[in-house]
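**Student:** Requesting a structural model of the entry that follows:
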Amino acid sequence: MDNTTDQVAPTAGQVWKRMPEEKRRLAADAFWREKEGVEQQFEAMALLAQHHKFRPVFVQRMPIDKRTRYLANYKTMPDALAARLLVSYHLAHQRPMLGALLDALGIAHEEGLITTDPDAPRDQASAPFLDGVRRFLHEHLGLDVAVDSIVGATCLYDLTPTTDFVIDHLPGHPAVLVATGGSGHAFKFGPVLGRVVMDRLDGGAGPWLPVFSWERATGGGRAGAGEDG
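**Tutor:** Next up is the predicted model:
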């Protein structure tokens, strides 16, 4: 009997639904208290408003503890938002475990957050990463693939301290518009970002302009780089 289907990894939404309520509350609380990820927080507020027939501004003005209860009790979470909540939970409450995992994979990190050298060669992925891909294919898809037949490379993306985008004029250079800070997730917001860029160029007052301002995105620290394998 083939049990391959029983080994398929659950989606982020399924993991969220199976989590104990206490852990969902910890995740939701960490999520609301983060200074980064504003767009995901707005997405969560819109989800709660739609589900409970609230006005979005009503959800926005709720105390964090009340928003936390509502979000923790929402079990049919979309996968993308559930993934963000799981990240919030692990960064806030499981840093030692993340550090141990990255150590086992041979990936440099600082307290569970990946660090990288921007000048390092990028034409090949690390051996531990490729070995992890091979194990995943074997355990979840029943495929035995030789490591030397897997082609891997890495790339960098720019990362702001808040992980929000920067769509604003360069300070001191009003003729230069900067649209950057993709932080690893800009691709799915392409059409919206195009509209924000046009609002900024037209000198409009769109609701997202303060969120993506240069001052907000860089005021909390320095921009950095993330890495994709």
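
**Student:** State the distance from the nearest residue to His109 once chain neighbours are set aside to Leu113.
**Tutor:** Distance criterion C-beta to C-beta, 6 or more residues apart in numbering; nearest residue to His109, sequence neighbours excluded, is Leu102 at 4.4 Å. Where C-beta positions appear, they are placed from N, C-alpha and C, glycine not excepted. Counting by C-beta to C-beta, to the nearest Å, the gap from Leu102 to Leu113 is 9 Å.

**Student:** which residues touch the residue positioned nearest the centre of the chain?
**Tutor:** For the chain, Arg84 is the residue whose C-alpha lies nearest the centre (C-alpha atoms, centre = their mean; 5.4 Å). Counting by C-beta atoms under 8 Å, 6 or more residues apart in numbering, Arg84 touches Phe31, Gly37, Gln40.

**Student:** So which elements touch the helix or strand harbouring the first one?
**Tutor:** The one in question is Phe31. Phe31 is part of helix 21-33, with elements assigned from DSSP states H and E. Judged by 3 or more C-beta pairs under 8 Å, 6 or more residues apart in numbering; DSSP states H and E, helix 21-33 is in contact with helix 38-52, helix 64-72, helix 79-93.

**Student:** what's the following helix or strand after the first one?
**Tutor:** Pointing back at helix 38-52 there. Criterion used, DSSP H and E; the element after helix 38-52 is helix 56-60.

**Student:** Can you show me the strands along the chain?
**Tutor:** Assigned by DSSP state E, the strands in the chain fall at 109-110, 113-114, 155-159, 166-170, 173-180, 224-228.

**Student:** Name whatever forms a beta bridge with Arg168.
**Tutor:** No Arg there; residue 168 is Asp. Asp168 has these beta-bridge partners by DSSP bridges: Val178.

**Student:** Pro174 - how many residues pack around it?
**Tutor:** 8 (other C-beta atoms under 10 Å).

**Student:** so what's the residue nearest to Lys75 when sequence neighbours are not counted up against?
**Tutor:** Distances taken as C-beta to C-beta, 6+ apart place Lys17 nearest to Lys75, at 4.7 Å, with adjacent residues excluded. Residues near Lys17 by C-beta under 8 Å, 6+ apart: Lys75, Thr76, Met77.
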